[in-house]
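*Asks:* Here is a sequence together with a model predicted from it:
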Amino acid sequence: MLSSLKEQGKLGSARLIGIVKEVAPTSSASTDEKLGVGEFASKYFANGQLYLDSNQTFWKALGSRPLKFGTWNPFKIWSLIKDMQEKMKAKGIDGNLRGDARLLGGVMVVGKGGPVTFVSLEQMGSPFCVDDLVQAVTQTTTQ
């Protein structure tokens, strides 16, 4: 999604940077290939850079928000996960579901050498507002 916005020129001269919180080996994957870090970088940040944030500074800045399902019913949780996977697949977003998915992420726009000018917190199963992001990037890069 973000990479395609960059390719379309909608992000102007802004740098696109992806952040991951782990690399292999992990309890769920022995290599980065199995974990999907390389696929994540090439597929979703092809025109940007990818950084490792092993101290989870980025997630702390976003509030260290844990993934919550709103239920303890395992059948309801399974249903929510399947629904989310179907939505992602319909949008051409896929993944191997490995790695630590317990923390929600987000999107930040940071001015060159300056403050954070926009934050969109990830909400499970809901996309962020692309128009708000493009507007924030435009305003930030023209200041």
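*Replies:* It's in. From a predicted model like this one, the values you see are computed outputs, not experimental measurements.

*Asks:* buried ones in the helix or strand that Val109 is a member of?
*Replies:* Assigned by DSSP states H and E, Val109 belongs to strand 106-110. Judged by neighbour count using 16 or more other CB atoms under 10 Å, the buried positions of strand 106-110 are 106-109. C-beta: built from backbone N, CA, C; applies to glycine.

*Asks:* cool, and stretch 18-38?
*Replies:* Going by 16+ other CB under 10 Å, stretch 18-38 has these buried residues: 18-22, 24, 29, 32, 35-37.

*Asks:* Quickly name whichever of the residues you listed is closest to Phe45.
*Replies:* Set against Phe45, the nearest of the buried residues of stretch 18-38 by CB to CB is Gly18 (3.9 Å).

*Asks:* three-state assignment of that closest one?
*Replies:* Three-state assignment for Gly18 (DSSP: H, G, I helix; E, B strand; the rest coil): strand.

*Asks:* Report the spatially nearest residue to it, omitting neighbours in sequence.
*Replies:* Take Gly18 and drop its neighbours on the chain: the residue closest to it by CB to CB, 6 or more residues apart in numbering is Phe45, 3.9 Å away.

*Asks:* so what's the nearest residue to Gly38 once chain neighbours are set aside up against?
*Replies:* Closest residue in space to Gly38, ignoring its immediate chain neighbours: Asp32 at 5.7 Å, by CB to CB, 6+ apart. By CB atoms under 8 Å, 6 or more residues apart in numbering, Asp32 lies in contact with 23-24, 38.

*Asks:* Just the ones of the residues you listed in helices?
*Replies:* Gly38 (DSSP state H).

*Asks:* ok so, going back, I'd like the mean pLDDT over the strand holding Val109, please.
*Replies:* Taken as a whole, strand 106-110 has a mean pLDDT of 89.

*Asks:* Give me the helices and strands touching that strand, please.
*Replies:* Secondary-structure packing of strand 106-110 (3 or more CB pairs under 8 Å, 6 or more residues apart in numbering; DSSP states H and E): strand 116-121, helix 130-141.

*Asks:* what is the orientation angle of the last one with strand 106-110?
*Replies:* Here helix 130-141 points in a direction 20 degrees away from that of strand 106-110 (axes from the mean of the first three to the mean of the last three CA atoms, to 10 degrees).

*Asks:* what does the first one give?
*Replies:* Our comparison of strand 116-121 with strand 106-110, counting by the same axes, to 10 degrees, yields an angle of 170 degrees.
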